[in-house]
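Undergrad: Turn this into a structure:
(one chain, ligands or ions: 2)
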Amino acid sequence: MPAVVRIVDLVKNYYLESVVVRALRGVSLEVEEGDFVALMGPSGSGKSTLLNVLGCLDRPTQGEYHLGEEDVAHMSDDQLSEIRSRYLGFIFQQYNLLPQYTVVENIEVPLLYQGVTLDDKTREWCIELATMVGLGERLDHRPMQLSGGQQQRVAIARSLVNRPQVILADEPTGNLDSRTSDEIMMMLTRLNLEGKTIIMVTHENDIAEWARRVIRMRDGQIETDVRNDHPKGTIGERGVSTPR
Ligand SMILES: Nc1ncnc2c1ncn2[C@@H]1O[C@H](COP(=O)(O)OP(=O)(O)O)[C@@H](O)[C@H]1O
Ligand SMILES: [Mg+2]
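TA: Numbers count the residues shown, from 1 in each chain. Ligands and ions are numbered 1, 2, ... in the order given. Okay, here's the model as predicted:
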């Protein structure tokens with residue numbers, strides 16, 4: 001498989017008043033199309049910083065970053081936001097749904113940011129996504145009326161609305177109990193088996209076991225990078241199994 005993400009000697013510094021925080025100290029990484037990567041490591045090791053750079057939410061201080069065919073390390077803010085909506089879907093620990101919007105409207109939000117005109121066709125696509133994540137009966141519910149797991153499913157549907165190649169997730173199960181976490185991981189596994197590349201930050205071993213590759217960071221560098229030939233939730237290359 002070709003690499004969808006290619007990072008070479010990536011450095012990210014944060015400049016505070018009198019100190020420089022060296023958050024990433026020379027990270028090199030290739031992620032193949034269709035892979036499912038868990039990024040682990042202690043608090044402060046640089047996971048979120050790396051995910052933000054990968055997500056084109058922040059620029060590296062030094063180093064190369066290629067996303068698909070694009071050389072993104074030196075792009076302007078406008079170019080980065082265009083790349084984000086073309087290639088990337090985001091899932092966060094806090095769901096980040098808009099409370100006044102319904103399920104379907106929340107799924108539509110990235111289209112609005114992109115300047116897409118909403119019509120029957122986009123509406124249908126968002127309903128299809130809501131149905132796919134099991135919320136077909138709750139299209140008009142607002143986030144407050146949903147459980148945490150349901151809210152995260154809305155966020156997953158929203159992350160798919162631009163048909164991204166890569167999904168970036170920062171602690172997607174961090175606020176959920178273990179049963180609901182498994183449901184969410186099962187959904188991510190299914191998307192991965194359908195071809196989406198997933199890069200997910202987690203500090204939980206139980207969650208990392210769902211990934212095909214586990215990268216551990218320490219002090220802004222990659223410490224270990226290990227493949228998992230038997231990720232939880234998959235039977236061989238094809239099916240999705242129910243854990244426990
Ligand atoms: N916006 C920021 N300004 C200054 N320092 C930051 C900022 N974001 C993160 N850091 C620092 O960068 C280092 C890596 O942080 P982070 O990437 O959030 O680690 P992790 O997600 O692994 O906990 C930490 O020392 C953190 O304090
Ligand atoms: Mg973090």
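Undergrad: helices or strands next to the strand or helix carrying Arg179 in the packing?
TA: Element membership for Arg179, per DSSP states H and E: helix 178-193. Helix 178-193 makes packing contacts with strand 36-40, helix 148-159, strand 166-170, strand 197-201, helix 205-208, strand 239-240 when contacts are defined by 3 or more CB pairs under 8 Å, 6 or more residues apart in numbering; DSSP states H and E. Where C-beta positions appear, they are placed from N, C-alpha and C, glycine not excepted.
Undergrad: In contact with the residue positioned nearest the centre of the chain, which residues?
TA: The centre of the chain sits closest to Leu168, judged by CA atoms, centre = their mean, with a distance of 1.6 Å. Neighbour list for Leu168: Leu51, Leu54, Gly55, Leu88, Gly89, Phe90, Ile91, Ile198, Ile199, Met200 [criterion: CB atoms under 8 Å, 6 or more residues apart in numbering].
Undergrad: can those residues go into a markdown table with extra columns for distance to Glu105?
TA: Converted to a markdown table, the contacts of Leu168 look like this (distance: CB to CB, whole Å):
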| residue | distance to Glu105 |
| --- | --- |
| Leu51 | 26 |
| Leu54 | 28 |
| Gly55 | 23 |
| Leu88 | 21 |
| Gly89 | 17 |
| Phe90 | 17 |
| Ile91 | 18 |
| Ile198 | 25 |
| Ile199 | 27 |
| Met200 | 26 |
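Undergrad: Relative to Leu98, which of those is nearest.
TA: Phe90 (14.4 Å; CB to CB).
Undergrad: returning to that earlier point: just how off-centre is the helix holding Arg179 within its chain?
TA: 13 Å (CA atoms, centre = their mean, to the nearest Å).
Undergrad: Backbone dihedrals for the residue lying closest to Pro143 once chain neighbours are set aside, both of them.
TA: Leaving aside its chain neighbours, Pro143 sits nearest to Leu97 (4.3 Å; criterion: CB to CB, 6 or more residues apart in numbering). Dihedral angles phi and psi of Leu97 (degrees, to the nearest 10) take the values phi -90, psi 160.
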